[in-house]
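Novice: output the structure for:
(2 chains)
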Protein chains: 2
Amino acid sequence: MTADAPVPLHDDERTVVRRRPGRPRSAPKTAPDASTRDEILDAAARLFAQQGYEGTTTRQIAELVGIKQASLYYHFADKSSIVVALLDGTVSPSVSFSDWLRGIQAGPEVKLYALAAYDLDVILNDPWSMHELYRIPDVAAKEEESGRVELTVLQSRYLELARETARLGSTTPGALSVPESDLVLIFGLVESIVAQRYWGGLSDRAAYAATVPRGCLRLLGVPEQAIAGVAGEAGRLIASYPGAAPRR
Amino acid sequence: MTADAPVPLHDDERTVVRRRPGRPRSAPKTAPDASTRDEILDAAARLFAQQGYEGTTTRQIAELVGIKQASLYYHFADKSSIVVALLDGTVSPSVSFSDWLRGIQAGPEVKLYALAAYDLDVILNDPWSMHELYRIPDVAAKEEESGRVELTVLQSRYLELARETARLGSTTPGALSVPESDLVLIFGLVESIVAQRYWGGLSDRAAYAATVPRGCLRLLGVPEQAIAGVAGEAGRLIASYPGAAPRR
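Specialist: Sure, this is the predicted structure:
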(Lines give C-alpha, C1' and ligand atoms only; values in the text may rest on other atoms or scores of the structure.)
Protein backbone atom coordinates (compact mmCIF):
# COMPACT_ATOMS: atom_id res chain seq x y z
CA MET A 1 0.00 0.00 0.00
CA THR A 2 1.31 3.43 -0.78
CA ALA A 3 1.71 6.07 1.90
CA ASP A 4 -1.16 8.21 0.76
CA ALA A 5 -3.80 5.48 0.87
CA PRO A 6 -6.23 6.71 3.47
CA VAL A 7 -8.16 3.53 4.11
CA PRO A 8 -6.56 0.65 5.99
CA LEU A 9 -7.18 -2.62 4.24
CA HIS A 10 -7.11 -5.77 6.26
CA ASP A 11 -6.06 -9.06 4.85
CA ASP A 12 -8.34 -11.20 6.92
CA GLU A 13 -10.95 -12.67 4.66
CA ARG A 14 -14.25 -13.88 6.03
CA THR A 15 -14.96 -17.49 5.44
CA VAL A 16 -18.26 -19.27 5.70
CA VAL A 17 -18.52 -21.19 8.94
CA ARG A 18 -19.19 -24.70 7.74
CA ARG A 19 -21.18 -26.74 10.18
CA ARG A 20 -22.33 -30.22 9.35
CA PRO A 21 -25.51 -29.82 7.34
CA GLY A 22 -28.67 -30.38 9.30
CA ARG A 23 -26.80 -31.11 12.49
CA PRO A 24 -28.49 -29.29 15.40
CA ARG A 25 -26.30 -26.94 17.39
CA SER A 26 -24.61 -28.86 20.17
CA ALA A 27 -24.44 -25.89 22.51
CA PRO A 28 -26.89 -23.09 23.31
CA LYS A 29 -26.52 -20.26 20.88
CA THR A 30 -24.49 -17.45 22.41
CA ALA A 31 -24.00 -15.15 19.44
CA PRO A 32 -26.63 -12.45 18.93
CA ASP A 33 -29.26 -12.69 16.22
CA ALA A 34 -27.26 -10.44 13.93
CA SER A 35 -24.65 -13.15 13.70
CA THR A 36 -27.12 -15.82 12.56
CA ARG A 37 -28.42 -13.35 9.99
CA ASP A 38 -24.88 -12.85 8.69
CA GLU A 39 -24.24 -16.58 8.68
CA ILE A 40 -27.35 -17.08 6.57
CA LEU A 41 -26.15 -14.38 4.16
CA ASP A 42 -22.67 -15.96 3.99
CA ALA A 43 -24.06 -19.41 3.31
CA ALA A 44 -26.57 -18.14 0.76
CA ALA A 45 -23.91 -16.17 -1.12
CA ARG A 46 -21.72 -19.24 -1.25
CA LEU A 47 -24.51 -21.49 -2.50
CA PHE A 48 -25.82 -18.95 -5.04
CA ALA A 49 -22.31 -18.66 -6.48
CA GLN A 50 -21.88 -22.42 -6.61
CA GLN A 51 -25.24 -23.56 -7.94
CA GLY A 52 -27.12 -20.46 -9.01
CA TYR A 53 -29.97 -18.58 -7.39
CA GLU A 54 -32.74 -20.74 -8.85
CA GLY A 55 -30.82 -23.91 -8.04
CA THR A 56 -30.52 -23.06 -4.36
CA THR A 57 -33.27 -23.72 -1.79
CA THR A 58 -33.75 -22.07 1.59
CA ARG A 59 -33.57 -25.58 3.02
CA GLN A 60 -30.01 -25.97 1.67
CA ILE A 61 -29.05 -22.59 3.07
CA ALA A 62 -30.43 -23.51 6.50
CA GLU A 63 -28.59 -26.84 6.37
CA LEU A 64 -25.27 -25.18 5.54
CA VAL A 65 -25.68 -22.80 8.48
CA GLY A 66 -26.79 -25.67 10.71
CA ILE A 67 -30.15 -24.22 11.66
CA LYS A 68 -33.74 -25.28 11.04
CA GLN A 69 -35.54 -23.85 8.06
CA ALA A 70 -38.04 -22.22 10.45
CA SER A 71 -35.18 -20.28 12.06
CA LEU A 72 -34.13 -19.02 8.66
CA TYR A 73 -37.64 -17.71 8.07
CA TYR A 74 -37.38 -15.81 11.34
CA HIS A 75 -34.69 -13.69 9.67
CA PHE A 76 -35.84 -13.63 6.04
CA ALA A 77 -39.33 -13.88 4.60
CA ASP A 78 -38.12 -15.76 1.54
CA LYS A 79 -35.13 -16.51 -0.70
CA SER A 80 -35.67 -13.33 -2.63
CA SER A 81 -35.28 -11.23 0.57
CA ILE A 82 -31.90 -12.86 1.10
CA VAL A 83 -30.55 -11.86 -2.29
CA VAL A 84 -31.91 -8.33 -1.89
CA ALA A 85 -30.15 -8.07 1.50
CA LEU A 86 -26.92 -9.31 -0.08
CA LEU A 87 -27.12 -6.77 -2.88
CA ASP A 88 -28.01 -3.91 -0.53
CA GLY A 89 -25.15 -4.81 1.75
CA THR A 90 -22.63 -3.91 -0.93
CA VAL A 91 -24.08 -0.47 -1.60
CA SER A 92 -25.85 0.80 1.55
CA PRO A 93 -22.72 1.57 3.61
CA SER A 94 -21.40 3.82 0.83
CA VAL A 95 -24.74 5.58 0.44
CA SER A 96 -24.82 6.25 4.20
CA PHE A 97 -21.28 7.57 4.01
CA SER A 98 -22.23 9.87 1.13
CA ASP A 99 -25.25 11.08 3.16
CA TRP A 100 -22.90 12.03 5.96
CA LEU A 101 -20.49 13.74 3.57
CA ARG A 102 -23.21 16.12 2.46
CA GLY A 103 -23.24 17.87 5.84
CA ILE A 104 -19.44 18.13 6.09
CA GLN A 105 -17.39 21.24 5.29
CA ALA A 106 -14.73 20.13 2.80
CA GLY A 107 -13.79 20.62 -0.82
CA PRO A 108 -15.66 18.50 -3.37
CA GLU A 109 -12.39 16.91 -4.48
CA VAL A 110 -11.70 15.79 -0.89
CA LYS A 111 -15.24 14.42 -0.53
CA LEU A 112 -14.98 12.63 -3.87
CA TYR A 113 -11.66 11.03 -2.94
CA ALA A 114 -13.11 10.03 0.44
CA LEU A 115 -16.24 8.51 -1.11
CA ALA A 116 -14.24 6.54 -3.68
CA ALA A 117 -11.82 5.29 -1.01
CA TYR A 118 -14.61 4.31 1.38
CA ASP A 119 -16.61 2.65 -1.39
CA LEU A 120 -13.57 0.70 -2.57
CA ASP A 121 -12.97 -0.47 0.96
CA VAL A 122 -16.52 -1.84 0.97
CA ILE A 123 -16.08 -3.45 -2.45
CA LEU A 124 -12.64 -4.92 -1.86
CA ASN A 125 -13.59 -6.36 1.53
CA ASP A 126 -17.00 -7.55 0.46
CA PRO A 127 -17.47 -10.64 2.58
CA TRP A 128 -20.07 -12.02 0.18
CA SER A 129 -18.00 -11.86 -2.97
CA MET A 130 -20.73 -9.95 -4.71
CA HIS A 131 -18.43 -9.50 -7.67
CA GLU A 132 -18.95 -13.23 -8.14
CA LEU A 133 -22.67 -13.08 -7.42
CA TYR A 134 -23.30 -10.38 -10.00
CA ARG A 135 -22.17 -12.81 -12.66
CA ILE A 136 -25.10 -15.11 -12.00
CA PRO A 137 -27.79 -14.14 -14.50
CA ASP A 138 -30.74 -14.89 -12.22
CA VAL A 139 -29.23 -12.80 -9.42
CA ALA A 140 -28.72 -9.97 -11.89
CA ALA A 141 -32.37 -10.27 -12.90
CA LYS A 142 -33.42 -10.13 -9.25
CA GLU A 143 -31.28 -7.06 -8.88
CA GLU A 144 -33.00 -5.35 -11.78
CA GLU A 145 -36.41 -6.18 -10.30
CA SER A 146 -35.47 -4.56 -7.02
CA GLY A 147 -34.78 -1.37 -8.99
CA ARG A 148 -31.27 -0.93 -7.62
CA VAL A 149 -32.49 2.21 -5.93
CA GLU A 150 -29.46 2.38 -3.66
CA LEU A 151 -27.00 2.06 -6.54
CA THR A 152 -28.76 4.81 -8.47
CA VAL A 153 -28.52 7.08 -5.42
CA LEU A 154 -24.82 6.29 -5.07
CA GLN A 155 -24.23 6.96 -8.76
CA SER A 156 -25.92 10.36 -8.48
CA ARG A 157 -23.77 11.25 -5.44
CA TYR A 158 -20.63 10.50 -7.46
CA LEU A 159 -21.94 12.57 -10.33
CA GLU A 160 -22.72 15.49 -8.01
CA LEU A 161 -19.23 15.50 -6.48
CA ALA A 162 -17.62 14.97 -9.90
CA ARG A 163 -19.50 17.96 -11.27
CA GLU A 164 -18.41 20.18 -8.38
CA THR A 165 -14.82 19.00 -8.63
CA ALA A 166 -14.73 19.57 -12.40
CA ARG A 167 -16.16 23.04 -11.82
CA LEU A 168 -13.18 23.86 -9.57
CA GLY A 169 -10.85 22.93 -12.41
CA SER A 170 -12.70 25.00 -14.96
CA THR A 171 -11.96 28.18 -13.00
CA THR A 172 -8.21 27.51 -13.06
CA PRO A 173 -6.62 29.80 -15.66
CA GLY A 174 -5.59 27.87 -18.75
CA ALA A 175 -7.46 24.69 -17.86
CA LEU A 176 -10.33 23.52 -20.01
CA SER A 177 -13.38 22.11 -18.30
CA VAL A 178 -14.13 18.40 -18.55
CA PRO A 179 -17.24 17.82 -20.67
CA GLU A 180 -20.35 16.85 -18.67
CA SER A 181 -20.63 13.60 -20.66
CA ASP A 182 -17.27 12.44 -19.31
CA LEU A 183 -18.33 12.69 -15.67
CA VAL A 184 -19.87 9.21 -15.87
CA LEU A 185 -16.36 7.78 -16.09
CA ILE A 186 -15.82 8.43 -12.38
CA PHE A 187 -18.49 5.96 -11.33
CA GLY A 188 -17.33 3.63 -14.12
CA LEU A 189 -13.79 3.59 -12.78
CA VAL A 190 -14.96 2.69 -9.27
CA GLU A 191 -17.45 0.12 -10.52
CA SER A 192 -14.81 -1.43 -12.77
CA ILE A 193 -13.31 -2.86 -9.60
CA VAL A 194 -16.49 -4.83 -8.93
CA ALA A 195 -16.07 -6.37 -12.35
CA GLN A 196 -12.35 -7.02 -11.98
CA ARG A 197 -12.22 -10.74 -12.17
CA TYR A 198 -8.47 -10.83 -12.17
CA TRP A 199 -7.46 -9.33 -8.88
CA GLY A 200 -4.15 -10.82 -8.06
CA GLY A 201 -3.40 -11.12 -4.38
CA LEU A 202 -4.38 -8.77 -1.62
CA SER A 203 -1.49 -6.47 -2.44
CA ASP A 204 -3.13 -5.77 -5.80
CA ARG A 205 -6.39 -5.01 -4.04
CA ALA A 206 -4.66 -2.54 -1.76
CA ALA A 207 -3.05 -0.91 -4.78
CA TYR A 208 -6.46 -0.52 -6.45
CA ALA A 209 -7.84 1.06 -3.29
CA ALA A 210 -5.29 3.85 -3.66
CA THR A 211 -5.01 4.11 -7.45
CA VAL A 212 -8.71 4.41 -8.19
CA PRO A 213 -9.43 7.50 -6.04
CA ARG A 214 -6.31 9.12 -7.49
CA GLY A 215 -7.56 8.22 -10.97
CA CYS A 216 -10.93 9.83 -10.23
CA LEU A 217 -9.23 13.14 -9.47
CA ARG A 218 -7.01 12.88 -12.54
CA LEU A 219 -10.07 12.26 -14.71
CA LEU A 220 -11.48 15.53 -13.41
CA GLY A 221 -8.35 17.53 -14.10
CA VAL A 222 -7.19 17.94 -10.49
CA PRO A 223 -3.49 18.81 -10.81
CA GLU A 224 -1.10 15.98 -9.98
CA GLN A 225 0.65 18.14 -7.41
CA ALA A 226 -2.57 18.52 -5.39
CA ILE A 227 -3.54 14.85 -5.21
CA ALA A 228 -1.35 13.72 -2.29
CA GLY A 229 -2.70 16.55 -0.15
CA VAL A 230 -6.30 15.70 -1.06
CA ALA A 231 -5.64 12.04 -0.18
CA GLY A 232 -4.39 13.01 3.26
CA GLU A 233 -7.39 15.22 3.92
CA ALA A 234 -9.76 12.51 2.70
CA GLY A 235 -8.11 10.01 5.04
CA ARG A 236 -8.75 12.27 8.01
CA LEU A 237 -12.34 12.74 6.87
CA ILE A 238 -12.92 8.98 6.74
CA ALA A 239 -11.31 8.56 10.16
CA SER A 240 -13.78 11.05 11.62
CA TYR A 241 -16.82 9.23 10.20
CA PRO A 242 -19.04 8.20 13.10
CA GLY A 243 -20.93 5.61 11.04
CA ALA A 244 -20.17 1.95 10.62
CA ALA A 245 -16.94 0.82 9.02
CA PRO A 246 -17.45 -1.71 6.22
CA ARG A 247 -18.27 -5.18 7.56
CA ARG A 248 -15.43 -7.65 7.18
CA MET B 1 -21.71 11.47 -31.03
CA THR B 2 -19.28 14.26 -30.47
CA ALA B 3 -17.19 15.64 -33.28
CA ASP B 4 -13.95 14.16 -32.05
CA ALA B 5 -15.16 10.57 -31.87
CA PRO B 6 -13.02 8.83 -34.44
CA VAL B 7 -14.95 5.59 -34.77
CA PRO B 8 -18.30 5.49 -36.49
CA LEU B 9 -20.84 3.53 -34.48
CA HIS B 10 -23.71 1.95 -36.28
CA ASP B 11 -27.06 1.42 -34.69
CA ASP B 12 -27.91 -1.78 -36.47
CA GLU B 13 -27.80 -4.58 -33.96
CA ARG B 14 -27.31 -8.14 -35.09
CA THR B 15 -30.06 -10.46 -34.15
CA VAL B 16 -30.01 -14.22 -34.12
CA VAL B 17 -31.75 -15.63 -37.14
CA ARG B 18 -34.41 -17.82 -35.60
CA ARG B 19 -35.35 -20.71 -37.80
CA ARG B 20 -37.78 -23.35 -36.65
CA PRO B 21 -35.75 -25.77 -34.57
CA GLY B 22 -34.78 -28.93 -36.42
CA ARG B 23 -36.41 -27.82 -39.63
CA PRO B 24 -34.11 -28.54 -42.56
CA ARG B 25 -33.23 -25.60 -44.75
CA SER B 26 -35.86 -25.25 -47.45
CA ALA B 27 -33.48 -23.84 -50.04
CA PRO B 28 -29.92 -24.73 -51.00
CA LYS B 29 -27.46 -22.89 -48.82
CA THR B 30 -26.01 -19.93 -50.70
CA ALA B 31 -24.15 -18.14 -47.92
CA PRO B 32 -20.52 -19.12 -47.51
CA ASP B 33 -19.37 -21.36 -44.68
CA ALA B 34 -18.25 -18.38 -42.63
CA SER B 35 -21.86 -17.40 -42.30
CA THR B 36 -22.93 -20.76 -40.86
CA ARG B 37 -20.06 -20.54 -38.44
CA ASP B 38 -21.30 -17.12 -37.33
CA GLU B 39 -24.84 -18.36 -37.05
CA ILE B 40 -23.64 -21.16 -34.79
CA LEU B 41 -21.79 -18.62 -32.65
CA ASP B 42 -24.85 -16.36 -32.50
CA ALA B 43 -27.15 -19.20 -31.50
CA ALA B 44 -24.70 -20.57 -28.94
CA ALA B 45 -24.19 -17.15 -27.33
CA ARG B 46 -27.94 -16.72 -27.07
CA LEU B 47 -28.48 -20.17 -25.53
CA PHE B 48 -25.53 -19.88 -23.13
CA ALA B 49 -26.90 -16.58 -21.88
CA GLN B 50 -30.40 -18.02 -21.49
CA GLN B 51 -29.68 -21.40 -19.94
CA GLY B 52 -26.01 -21.46 -19.02
CA TYR B 53 -23.06 -23.17 -20.65
CA GLU B 54 -23.53 -26.50 -18.91
CA GLY B 55 -27.26 -26.41 -19.55
CA THR B 56 -26.85 -26.03 -23.31
CA THR B 57 -26.21 -28.92 -25.70
CA THR B 58 -24.67 -28.78 -29.18
CA ARG B 59 -27.91 -30.42 -30.33
CA GLN B 60 -29.91 -27.42 -29.11
CA ILE B 61 -27.48 -25.05 -30.81
CA ALA B 62 -27.78 -26.95 -34.10
CA GLU B 63 -31.57 -26.94 -33.78
CA LEU B 64 -31.71 -23.18 -33.24
CA VAL B 65 -29.56 -22.61 -36.33
CA GLY B 66 -31.63 -25.11 -38.28
CA ILE B 67 -28.76 -27.42 -39.21
CA LYS B 68 -27.91 -31.00 -38.36
CA GLN B 69 -25.65 -31.68 -35.41
CA ALA B 70 -23.12 -33.24 -37.81
CA SER B 71 -22.88 -29.93 -39.69
CA LEU B 72 -22.15 -28.17 -36.44
CA TYR B 73 -19.26 -30.55 -35.82
CA TYR B 74 -17.89 -29.64 -39.24
CA HIS B 75 -17.25 -26.14 -37.83
CA PHE B 76 -16.50 -26.85 -34.17
CA ALA B 77 -14.95 -29.92 -32.56
CA ASP B 78 -17.04 -29.55 -29.42
CA LYS B 79 -19.05 -27.15 -27.26
CA SER B 80 -15.93 -25.95 -25.56
CA SER B 81 -14.43 -24.82 -28.89
CA ILE B 82 -17.52 -22.70 -29.46
CA VAL B 83 -17.16 -20.77 -26.24
CA VAL B 84 -13.43 -20.30 -26.83
CA ALA B 85 -14.22 -18.89 -30.31
CA LEU B 86 -16.80 -16.55 -28.78
CA LEU B 87 -14.36 -15.29 -26.18
CA ASP B 88 -11.54 -14.87 -28.70
CA GLY B 89 -13.81 -12.98 -31.06
CA THR B 90 -14.14 -10.14 -28.57
CA VAL B 91 -10.40 -9.70 -28.11
CA SER B 92 -8.58 -10.85 -31.26
CA PRO B 93 -9.51 -7.91 -33.50
CA SER B 94 -8.08 -5.46 -30.96
CA VAL B 95 -4.89 -7.51 -30.55
CA SER B 96 -4.42 -7.51 -34.34
CA PHE B 97 -4.99 -3.76 -34.40
CA SER B 98 -2.39 -3.29 -31.64
CA ASP B 99 0.05 -5.48 -33.63
CA TRP B 100 -0.39 -3.17 -36.59
CA LEU B 101 0.04 -0.05 -34.42
CA ARG B 102 3.50 -1.21 -33.36
CA GLY B 103 4.88 -0.61 -36.85
CA ILE B 104 3.27 2.81 -37.27
CA GLN B 105 5.00 6.15 -36.77
CA ALA B 106 2.85 8.12 -34.32
CA GLY B 107 2.97 9.42 -30.78
CA PRO B 108 2.12 6.94 -28.01
CA GLU B 109 -0.81 9.09 -26.93
CA VAL B 110 -2.26 8.90 -30.45
CA LYS B 111 -1.76 5.12 -30.58
CA LEU B 112 -3.31 4.72 -27.14
CA TYR B 113 -6.35 6.79 -28.11
CA ALA B 114 -6.67 4.80 -31.34
CA LEU B 115 -6.40 1.44 -29.56
CA ALA B 116 -8.99 2.41 -26.94
CA ALA B 117 -11.36 3.74 -29.62
CA TYR B 118 -10.96 0.66 -31.83
CA ASP B 119 -11.33 -1.69 -28.86
CA LEU B 120 -14.46 0.11 -27.68
CA ASP B 121 -15.91 -0.19 -31.15
CA VAL B 122 -15.39 -3.95 -30.90
CA ILE B 123 -16.87 -4.11 -27.39
CA LEU B 124 -19.84 -1.84 -28.04
CA ASN B 125 -20.78 -3.60 -31.25
CA ASP B 126 -20.14 -7.09 -29.93
CA PRO B 127 -22.70 -9.15 -31.78
CA TRP B 128 -22.53 -11.89 -29.15
CA SER B 129 -23.25 -9.77 -26.12
CA MET B 130 -20.19 -11.09 -24.42
CA HIS B 131 -20.81 -8.66 -21.58
CA GLU B 132 -23.78 -10.88 -20.80
CA LEU B 133 -21.87 -14.10 -21.38
CA TYR B 134 -19.10 -13.15 -18.98
CA ARG B 135 -21.66 -13.16 -16.19
CA ILE B 136 -22.26 -16.87 -16.54
CA PRO B 137 -20.00 -18.59 -14.00
CA ASP B 138 -19.31 -21.67 -16.09
CA VAL B 139 -18.36 -19.58 -19.11
CA ALA B 140 -16.03 -17.57 -16.88
CA ALA B 141 -14.47 -20.81 -15.67
CA LYS B 142 -13.99 -21.94 -19.28
CA GLU B 143 -12.38 -18.61 -19.99
CA GLU B 144 -9.91 -19.10 -17.15
CA GLU B 145 -9.07 -22.58 -18.41
CA SER B 146 -8.26 -21.24 -21.84
CA GLY B 147 -5.70 -18.97 -20.17
CA ARG B 148 -7.07 -15.81 -21.73
CA VAL B 149 -3.82 -15.46 -23.63
CA GLU B 150 -5.24 -12.89 -26.02
CA LEU B 151 -6.58 -10.69 -23.25
CA THR B 152 -3.25 -10.76 -21.45
CA VAL B 153 -1.51 -9.67 -24.66
CA LEU B 154 -4.01 -6.84 -25.11
CA GLN B 155 -3.57 -5.76 -21.50
CA SER B 156 0.22 -5.60 -21.94
CA ARG B 157 -0.19 -3.50 -25.12
CA TYR B 158 -2.29 -0.99 -23.19
CA LEU B 159 0.29 -0.93 -20.42
CA GLU B 160 3.11 -0.37 -22.91
CA LEU B 161 1.37 2.59 -24.56
CA ALA B 162 0.24 3.97 -21.19
CA ARG B 163 3.82 3.87 -19.95
CA GLU B 164 5.12 5.70 -23.02
CA THR B 165 2.34 8.28 -22.83
CA ALA B 166 2.95 8.90 -19.12
CA ARG B 167 6.64 9.32 -19.87
CA LEU B 168 5.80 12.14 -22.30
CA GLY B 169 3.94 13.91 -19.49
CA SER B 170 6.76 13.49 -17.03
CA THR B 171 9.06 15.55 -19.22
CA THR B 172 6.64 18.48 -19.26
CA PRO B 173 7.96 21.16 -16.89
CA GLY B 174 5.93 21.31 -13.70
CA ALA B 175 4.04 18.08 -14.30
CA LEU B 176 4.55 15.13 -11.99
CA SER B 177 4.72 11.67 -13.48
CA VAL B 178 1.86 9.25 -12.93
CA PRO B 179 2.96 6.39 -10.65
CA GLU B 180 3.56 3.08 -12.45
CA SER B 181 0.94 1.39 -10.24
CA ASP B 182 -1.76 3.67 -11.65
CA LEU B 183 -1.17 2.63 -15.25
CA VAL B 184 -3.45 -0.39 -14.75
CA LEU B 185 -6.40 1.98 -14.58
CA ILE B 186 -6.23 2.53 -18.34
CA PHE B 187 -7.14 -1.06 -19.11
CA GLY B 188 -9.60 -0.98 -16.20
CA LEU B 189 -11.42 1.99 -17.69
CA VAL B 190 -11.78 0.32 -21.08
CA GLU B 191 -12.78 -3.03 -19.55
CA SER B 192 -15.32 -1.29 -17.32
CA ILE B 193 -17.42 -0.90 -20.44
CA VAL B 194 -17.62 -4.67 -20.82
CA ALA B 195 -19.06 -4.79 -17.33
CA GLN B 196 -21.45 -1.89 -17.82
CA ARG B 197 -24.76 -3.55 -17.39
CA TYR B 198 -26.61 -0.29 -17.51
CA TRP B 199 -25.93 1.08 -20.94
CA GLY B 200 -28.84 3.21 -21.78
CA GLY B 201 -29.63 3.47 -25.47
CA LEU B 202 -27.24 3.57 -28.37
CA SER B 203 -26.58 7.25 -27.83
CA ASP B 204 -25.05 6.36 -24.46
CA ARG B 205 -22.87 3.77 -26.14
CA ALA B 206 -21.62 6.29 -28.67
CA ALA B 207 -20.86 8.69 -25.83
CA TYR B 208 -18.84 6.01 -24.06
CA ALA B 209 -16.88 5.33 -27.25
CA ALA B 210 -15.67 8.92 -27.16
CA THR B 211 -15.46 9.56 -23.42
CA VAL B 212 -13.37 6.51 -22.54
CA PRO B 213 -10.40 7.23 -24.86
CA ARG B 214 -10.44 10.84 -23.65
CA GLY B 215 -10.49 9.56 -20.07
CA CYS B 216 -7.48 7.34 -20.78
CA LEU B 217 -5.45 10.37 -21.83
CA ARG B 218 -6.64 12.38 -18.83
CA LEU B 219 -5.60 9.56 -16.50
CA LEU B 220 -2.11 9.84 -17.95
CA GLY B 221 -1.89 13.57 -17.54
CA VAL B 222 -2.23 14.54 -21.20
CA PRO B 223 -3.28 18.21 -21.10
CA GLU B 224 -6.94 18.85 -21.85
CA GLN B 225 -6.00 21.27 -24.62
CA ALA B 226 -4.17 18.51 -26.52
CA ILE B 227 -6.91 15.86 -26.42
CA ALA B 228 -9.06 17.02 -29.34
CA GLY B 229 -6.01 17.08 -31.60
CA VAL B 230 -4.98 13.59 -30.51
CA ALA B 231 -8.51 12.32 -31.15
CA GLY B 232 -8.42 13.66 -34.69
CA GLU B 233 -5.06 12.07 -35.39
CA ALA B 234 -6.21 8.76 -33.90
CA GLY B 235 -9.29 8.83 -36.11
CA ARG B 236 -7.14 9.18 -39.23
CA LEU B 237 -4.93 6.35 -37.97
CA ILE B 238 -7.92 4.02 -37.56
CA ALA B 239 -9.21 4.99 -41.00
CA SER B 240 -5.89 3.94 -42.53
CA TYR B 241 -5.95 0.51 -40.87
CA PRO B 242 -5.89 -2.14 -43.60
CA GLY B 243 -7.15 -4.90 -41.28
CA ALA B 244 -10.70 -5.98 -40.63
CA ALA B 245 -13.18 -3.59 -39.10
CA PRO B 246 -15.03 -5.08 -36.14
CA ARG B 247 -17.76 -7.48 -37.17
CA ARG B 248 -21.26 -6.11 -36.68
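
Novice: look up how far chain B lies from residue A:191.
Specialist: Distance of residue A:191 to chain B, given as Cβ to the nearest Cβ, to the nearest Å: 6 Å. The C-beta positions use only the backbone N, C-alpha and C, and glycine is treated the same way.

Novice: give the contact list for the closest residue to that residue other than its chain neighbours.
Specialist: With sequence-adjacent residues excluded and distances taken as Cβ to Cβ, 6 or more residues apart in numbering or on different chains, residue A:191 is closest to residue B:192, at 6.4 Å. Contact analysis of residue B:192 by Cβ atoms under 8 Å, 6 or more residues apart in numbering or on different chains lists A:188, A:189, A:191, A:192, A:195.

Novice: tell me which two in these are the farthest apart.
Specialist: Largest separation among those by Cβ to Cβ: A:189 and A:195, giving 11.1 Å.

Novice: re the thing from before, out of the contacts of residue B:192, which sit inside helices?
Specialist: Secondary structure from DSSP state H places A:188, A:189, A:191, A:192, A:195 of the contacts of residue B:192 in helices.

Novice: what ranges does chain A have for its helices?
Specialist: Going by DSSP H, chain A shows helices at A:33-51, A:58-65, A:69-75, A:79-89, A:92-102, A:108-124, A:130-133, A:137-145, A:149-170, A:184-195, A:202-219, A:224-239.

Novice: now those as a markdown table including mean pLDDT?
Specialist: As requested, the helices of chain A are arranged in a markdown table below (pLDDT from 0 to 100):
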| stretch | mean pLDDT |
| --- | --- |
| helix A:33-51 | 84 |
| helix A:58-65 | 96 |
| helix A:69-75 | 94 |
| helix A:79-89 | 83 |
| helix A:92-102 | 93 |
| helix A:108-124 | 92 |
| helix A:130-133 | 61 |
| helix A:137-145 | 61 |
| helix A:149-170 | 87 |
| helix A:184-195 | 81 |
| helix A:202-219 | 82 |
| helix A:224-239 | 94 |
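
Novice: and the ones you listed, which is most packed in?
Specialist: Using mean count of other Cβ atoms under 10 Å in any protein chain shown, the stretch among those with the greatest mean number of neighbours is helix A:108-124 (a mean of 25).

Novice: close to chain B, is that helix?
Specialist: No. On the criterion Cβ under 8 Å from any Cβ of the partner chain, helix A:108-124 is out of touch with chain B, staying 12.0 Å away.

Novice: kindly report the same for stretch A:41-51.
Specialist: Yes. Stretch A:41-51 comes into contact with chain B (Cβ under 8 Å from any Cβ), by way of residue A:49.

Novice: state the phi and psi torsions of residue A:52.
Specialist: In terms of degrees, to the nearest 10, the main-chain angles of residue A:52 are phi 80, psi 160.

Novice: ok, residue A:238 touching residue A:118?
Specialist: Yes. Using Cβ atoms under 8 Å, residue A:238 makes contact with residue A:118 at a distance of 5.8 Å.

Novice: what residues are up against the spatially closest residue to residue A:113 that is not a sequence neighbour?
Specialist: Sequence neighbours aside, residue A:234 is the residue nearest to residue A:113 in space, at 3.9 Å (criterion: Cβ to Cβ, 6+ apart). Listed by Cβ under 8 Å, 6+ apart, the contact partners of residue A:234 are A:6, A:110, A:111, A:113, A:114, A:117, A:213.

Novice: recalculate using a threshold of 7 Å.
Specialist: Residue A:234 is in contact with A:6, A:110, A:113, A:114, A:117, counting by Cβ atoms under 7 Å, 6 or more residues apart in numbering or on different chains.

Novice: so the second one sits against residue A:233, correct?
Specialist: Yes. Residue A:110 is within contact range of residue A:233, at 4.6 Å (criterion: Cβ atoms under 7 Å).

Novice: ok, back up a step: columns distance to residue B:122 on top of the contacts of residue B:192, output as TSV?
Specialist: As requested, the contacts of residue B:192 are exported to TSV (distance: Cβ to Cβ, whole Å):
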residue	distance to residue B:122
A:188	18
A:189	20
A:191	21
A:192	18
A:195	17
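
Novice: just checking, residue A:166 touches residue A:222?
Specialist: No. Under the criterion of Cβ under 7 Å, residue A:166 is not in contact with residue A:222, lying 9.2 Å apart.

Novice: domains for chain A, by residue range?
Specialist: Domain assignment for chain A by automatic domain parsing gives A:36-86, A:90-239.

Novice: how about these in CSV, adding distance to residue B:154?
Specialist: Output for those, formatted as CSV (distance: least, Cβ to Cβ, whole Å):
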stretch, distance to residue B:154
domain A:36-86, 27
domain A:90-239, 13
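
Novice: for residue A:157, which non-adjacent residue is closest in space?
Specialist: The shortest distance from residue A:157 to any residue other than its chain neighbours is 4.1 Å, reached at residue A:98 (Cβ to Cβ, 6+ apart).

Novice: any idea how far residue A:177 lies from chain B?
Specialist: The gap separating residue A:177 from chain B is 8 Å, by Cβ to the nearest Cβ.

Novice: quick one: that residue from residue A:113, how far?
Specialist: Per Cβ to Cβ, to the nearest Å, residue A:177 is found 20 Å from residue A:113.

Novice: which residues does stretch A:99-114 contact?
Specialist: Stretch A:99-114 has contacts (Cβ under 7 Å, 6+ apart) with A:115, A:161-162, A:164-165, A:168, A:213, A:216-217, A:222, A:230-231, A:233-234, A:237-238, A:241, A:243.

Novice: ok so, going back, need the helices of chain A in CSV with distance to residue B:44, can you?
Specialist: Listed next are those as CSV, based on distance: least, Cβ to Cβ, whole Å:
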stretch, distance to residue B:44
helix A:33-51, 23
helix A:58-65, 30
helix A:69-75, 38
helix A:79-89, 28
helix A:92-102, 38
helix A:108-124, 32
helix A:130-133, 24
helix A:137-145, 16
helix A:149-170, 31
helix A:184-195, 23
helix A:202-219, 33
helix A:224-239, 46
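
Novice: mind checking which of these is nearest residue B:207?
Specialist: Here helix A:184-195 is closest among the helices of chain A (Cβ to Cβ), at 7.9 Å.

Novice: so that closest one versus helix B:202-219, what angle?
Specialist: 90 degrees (axes from the mean of the first three to the mean of the last three Cα atoms, to 10 degrees).

Novice: report the angle between helix A:184-195 and helix A:149-170.
Specialist: Interaxial angle of helix A:184-195 relative to helix A:149-170 (the same axes, to 10 degrees): 130 degrees.

Novice: the residue nearest to residue A:157 touches residue A:116, doesn't it?
Specialist: No. Using Cβ under 7 Å, residue A:98 is not in contact with residue A:116; the gap is 10.6 Å.

Novice: does chain B have contacts with stretch A:69-87?
Specialist: No. Judged by Cβ under 7 Å from any Cβ of the partner chain, stretch A:69-87 makes no contact with chain B; its nearest approach is 12.8 Å.

Novice: and the end-to-end length of that stretch?
Specialist: 22 Å (Cα to Cα, to the nearest Å).
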